[in-house]
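Visitor: whatever this is, show me its structure:
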Amino acid sequence: MTLNPRQRRLLEAVRRHVTVSVEDLAQQLEVTPQTVRRDVKLMEEAKLLARYHGGVGLPSSVENIDYSQRQVLNIDAKRRIAAAVAERVRPGSSLLINIGTTTEEVARALVDHQGLHVVTNNLNVAAILADQPGCEVILAGGVVRGRDRGIVGESTVDFIRQFKVDVGIIGVSSIEPDGTMRDFDPREVKVAQAIIEQSREVWLVADYDKFSRQAMVKLAHLSEIDKLFCDAAPPAVLFKILEDAHVEVVIAS
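Guide: Numbering: from 1, shown residues only. Prediction:
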């Protein structure tokens with residue numbers, strides 16, 4: 001689903017309070033409880049919210065949304081983000097690209113670039129770029145996760161550490177109010193951490209919903225990236241963190 005402004009405000013309200021009643025949400029948003037219930041039902045089906053006894057909260061931090069659902073979730077926003085990234089990737093650049101549906105959209109936006117050298121642990125990214133005559137694709141070895149064709153494991157980390165690239169392009173599952181970036185699979189996190197270490201610049205691609213989700217495993221902090229590409233301005237508390245860390249924020253309109 002693509003969230004409208006009211007639904008985004010609803011997500012922010014739940015994120016601030018952890019759990020909140022339908023009545024309180026209706027009062028905050030100045031809508032009827034019936035409207036809140038309809039929105040919550042839709043967002044629960046998309047695994048963005050969960051209903052608990054007495055209120056609404058964020059979904060489990062243990063399990064990610066199914067890959068097939070993530071492929072279409074906020075797809076327009078992801079494509080705008082990808083286009084903004086592609087505008088800033090110079091021909092001839094070397095890139096590290098990790099697992100994620102947003103990074104896959106970035107790969108699609110890069111198909112006409114010339115002279116790229118792309119190292120990736122994402123079979124989908126490799127498939128998108130492999131047929132492009134202007135792009136060299138270097139695929140990491142390791143364990144292939146069947147659900148999303150991501151490659152993970154210690155051998156993947158060792159492979160990534162052979163390279164030093166111009167730009168590392170990473171996606172994450174969750175960005176918390178204190179600037180902590182998190183994901184669900186510790187193996188995936190280790191690969192993303194290696195990408196950060198081996199990149200001269202780190203670009204984070206994240207649609208706005210990442211600010212309202214929870215995940216278990218710490219990946220890094222927003223202060224460790226150089227650019228954030230998002231489809232809307234981050235919440236004020238995060239914008240201050242980014243500003244203090246001199247992170248460039250690119251809003252893909």
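Visitor: average pLDDT for stretch 3-23, rounded please.
Guide: Averaging pLDDT along stretch 3-23 yields 82.
Visitor: how far off centre is that stretch?
Guide: Centroid separation between stretch 3-23 and its chain, computed with Cα atoms, centre = their mean, to the nearest Å, is 20 Å.
Visitor: residue 29 contacts residue 6, doesn't it?
Guide: Yes - assessed by Cβ atoms under 8 Å, residue 29 is found in contact with residue 6 at 6.1 Å. No exception for glycine: its C-beta is placed from N, CA and C like everyone else's.
Visitor: where do the contact lists of the two overlap?
Guide: Common neighbours of residue 29 and residue 6, using Cβ atoms under 8 Å, 6 or more residues apart in numbering, are residue 35.
Visitor: how many other residues sit next to residue 243?
Guide: When neighbours are counted by other Cβ atoms under 10 Å, residue 243 registers 10.
Visitor: correct me, but residue 193 touches residue 219?
Guide: Yes - with contact defined as Cβ under 8 Å, residue 193 reaches residue 219; the gap is 6.5 Å.
Visitor: of the two, who's got more company?
Guide: Neighbour tally, residue 193 and residue 219, criterion other Cβ under 10 Å: the higher count belongs to residue 219, 23 against 17.
Visitor: tell me the pLDDT at that one?
Guide: In this model, residue 219 carries a pLDDT of 96.
Visitor: just to confirm, which helix or strand has it in it?
Guide: When elements are assigned from DSSP states H and E, residue 219 belongs to strand 217-221.
Visitor: adjacent strands (with direction) for that strand?
Guide: The pairing partners recorded for strand 217-221 under DSSP bridges are strand 180-183 (antiparallel).
Visitor: packing partners of the next helix or strand along the chain from the strand it pairs with?
Guide: Taking DSSP H and E as the definition, the helix or strand that follows strand 180-183 towards the C-terminus is helix 186-197. On a contact count with 3 or more Cβ pairs under 8 Å, 6 or more residues apart in numbering; DSSP states H and E, helix 186-197 meets strand 150-152, helix 154-160, strand 165-171, strand 217-221.
Visitor: for the last one, the distance to its chain's centre please.
Guide: Strand 217-221 sits 13 Å away from the centroid of its parent chain (Cα atoms, centre = their mean).
Visitor: can you pull the buried residues of that strand?
Guide: Neighbour counts over strand 217-221 (16 or more other Cβ atoms under 10 Å) mark 217, 219, 220 as buried.
Visitor: same thing with the second one?
Guide: The neighbour-count criterion (16+ other Cβ under 10 Å) identifies 156, 157, 159, 160 as the buried residues of helix 154-160.
Visitor: and that helix, what's its mean pLDDT?
Guide: 96.
Visitor: need the contact partners of that helix.
Guide: Contacts for helix 154-160 (Cβ under 8 Å, 6+ apart): 96, 119, 121, 140-143, 187, 190-191, 194-195, 198.
Visitor: just the C-alpha atoms of that helix, please, in PDB.
Guide: Provided in PDB are the C-alpha atoms of helix 154-160 (Å, rounded to 0.1, in the frame of the first residue of the first chain):
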ATOM      1  CA  GLU A 154      31.000 -15.200   6.800                       C
ATOM      2  CA  SER A 155      32.400 -15.900   3.300                       C
ATOM      3  CA  THR A 156      30.300 -13.100   1.900                       C
ATOM      4  CA  VAL A 157      31.800 -10.700   4.500                       C
ATOM      5  CA  ASP A 158      35.300 -11.800   3.600                       C
ATOM      6  CA  PHE A 159      34.600 -11.300  -0.100                       C
ATOM      7  CA  ILE A 160      33.200  -7.800   0.400                       C
END
